[in-house]
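Novice: Model the structure of this input:
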Amino acid sequence: MAKVAAKAIEMADVQPGMDCVDLGCGSGRLALLMAKRGADVVGVDVSDAMIERMLLQARREGIGTVRGLVVPIEHFTVPAESVDLVITNYALHHLLDADKDKVVRAAFEWLRPGGQLVVADMMLGRGATARDRQIIAGKLRIMAKKGIPGYWRILKNAGRFLVRVHERPITLEAWSRLFEAAAFENVESSVVVAEAAVMKGIKPTG
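Specialist: Numbering: from 1, shown residues only. Model (predicted):
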């Protein structure tokens, strides 16, 4: 996940004075990095404990440009054209597909012209494509080598993934369609590890 987060920050190209929203911020990995670059950041997470951890770390590091809000991602909102960057790391795969679409469209409204949406997440389906099957097979081989603990993880993750109760990833292509349907331009992506990628889209200036 560290590699994915680093790629997300790289693609976002955070500059001093930017107004940024970190959806599903957790303990603040991205939010704090952006604040250190001079951005004003709102971190959003459903967990009060995670927000407290982020704000505590901000205080320890003397960072005063991070705020935290405890709210589900799909219920969060800000005024139209009020932010320069909406970013999220390993959070949206927990949402229903309809809510993923809702968040992408909402981010488009929140962004100022020229603003960016950056999504870093699991980006694979459930075996429908050759890439999906290759990724899943690779993960199974790695876990199987761990013996009994690995087999237990296979069973646990298979249930969560196939039934789509807790984890609902979609493919890179599906994410691209969501970005384009919301009218983002210059949509680009970078595969960081087998199952995860970063996608960026820009709100048109015209």
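Novice: and the longest strand along the chain, what other elements does it pack with?
Specialist: Counting residues, the longest strand found in the chain (DSSP state E) is strand 111-122. Contact partners of strand 111-122 among helices and strands, from 3 or more CB pairs under 8 Å, 6 or more residues apart in numbering; DSSP states H and E: helix 2-12, strand 83-89, helix 97-110, helix 172-181, strand 196-202. All C-beta atoms are positioned from the backbone trio N, CA, C, and that covers glycine.
Novice: May I have the third one as PDB, with CA atoms only?
Specialist: Listed in PDB are the C-alpha atoms of helix 97-110, where the atom choice follows Å, rounded to 0.1, in the frame of the first residue of the first chain:
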ATOM      1  CA  ASP A  97     -20.700   0.200  -7.400                       C
ATOM      2  CA  ALA A  98     -23.500   2.800  -7.500                       C
ATOM      3  CA  ASP A  99     -21.800   4.700  -4.700                       C
ATOM      4  CA  LYS A 100     -18.500   4.700  -6.500                       C
ATOM      5  CA  ASP A 101     -20.200   6.300  -9.500                       C
ATOM      6  CA  LYS A 102     -21.900   8.800  -7.100                       C
ATOM      7  CA  VAL A 103     -18.500   9.800  -5.500                       C
ATOM      8  CA  VAL A 104     -16.800  10.300  -8.900                       C
ATOM      9  CA  ARG A 105     -19.600  12.500 -10.100                       C
ATOM     10  CA  ALA A 106     -19.700  14.400  -6.800                       C
ATOM     11  CA  ALA A 107     -16.000  15.000  -6.900                       C
ATOM     12  CA  PHE A 108     -16.400  16.500 -10.400                       C
ATOM     13  CA  GLU A 109     -18.800  19.000  -8.900                       C
ATOM     14  CA  TRP A 110     -16.600  19.900  -6.000                       C
END
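Novice: what separates stretch 19-32 from the chain centre, distance-wise?
Specialist: 10 Å (CA atoms, centre = their mean, to the nearest Å).
Novice: Can you get me the start-to-end distance on that stretch?
Specialist: 13 Å (CA to CA, to the nearest Å).
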